[in-house]
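Visitor: here is a sequence together with a model predicted from it:
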Amino acid sequence: MAKYCSNCGSQINDKDRVCFNCGNHLEISSSKHENAEESTFGYAALGFVFPIVGLILYLVWQDERPRAARSAGKGALVSVISAVALYMLGFIIFLMLI
Ligand SMILES: [Zn+2]
């Protein structure tokens, strides 16, 4: 069974005490309760900053971690929509200038 860093969501080994990716000190307890209470905002932020990563996490985690998967997917979606909106805004401004 794989474990994930509670800070950045990287997959980690059971024996690891510190996340190799972000240096987060990992909780030794691996209760299901912790998973249910887990904040998924970090995954949304991750998906927002890296839409590709968010999309991958969404696809990979759908069964294993549905809440985190949805957050990552949502973040990626918001990011893509924002990027398209910004692009269109830039295009409109460009048209107004010429
Ligand atoms: Zn980490």
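Guide: Great, that's in hand.

Visitor: what does the chain put close to the ion?
Guide: For the chain, the residues in contact with the ion under the definition Cβ under 5 Å from the ion are 5, 7-8, 10, 19, 21-22, 24. C-betas here are computed from N, CA, C, even on glycine.

Visitor: and those residues, which of them are buried?
Guide: Burial by neighbour count, 16 or more other Cβ atoms under 10 Å: within these this picks out 5, 19.

Visitor: buried ones in the lengthiest helix in the chain?
Guide: Counting by DSSP state H, the longest helix found in the chain is helix 66-97. Residues 68-77, 79 are the ones in helix 66-97 that count as buried (16+ other Cβ under 10 Å).

Visitor: circling back: adding pLDDT, secondary structure and distance to residue 60, write the residues of the chain next to the ion out as JSON lines.
Guide: Putting the residues of the chain next to the ion into JSON lines (pLDDT from 0 to 100; DSSP: H, G, I helix; E, B strand; the rest coil; distance: Cβ to Cβ, whole Å) gives the following:
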{"residue": "5", "pLDDT": "84", "secondary structure": "coil", "distance to residue 60": "15"}
{"residue": "7", "pLDDT": "87", "secondary structure": "coil", "distance to residue 60": "18"}
{"residue": "8", "pLDDT": "90", "secondary structure": "coil", "distance to residue 60": "15"}
{"residue": "10", "pLDDT": "87", "secondary structure": "coil", "distance to residue 60": "12"}
{"residue": "19", "pLDDT": "85", "secondary structure": "coil", "distance to residue 60": "18"}
{"residue": "21", "pLDDT": "87", "secondary structure": "coil", "distance to residue 60": "16"}
{"residue": "22", "pLDDT": "90", "secondary structure": "coil", "distance to residue 60": "19"}
{"residue": "24", "pLDDT": "83", "secondary structure": "coil", "distance to residue 60": "20"}
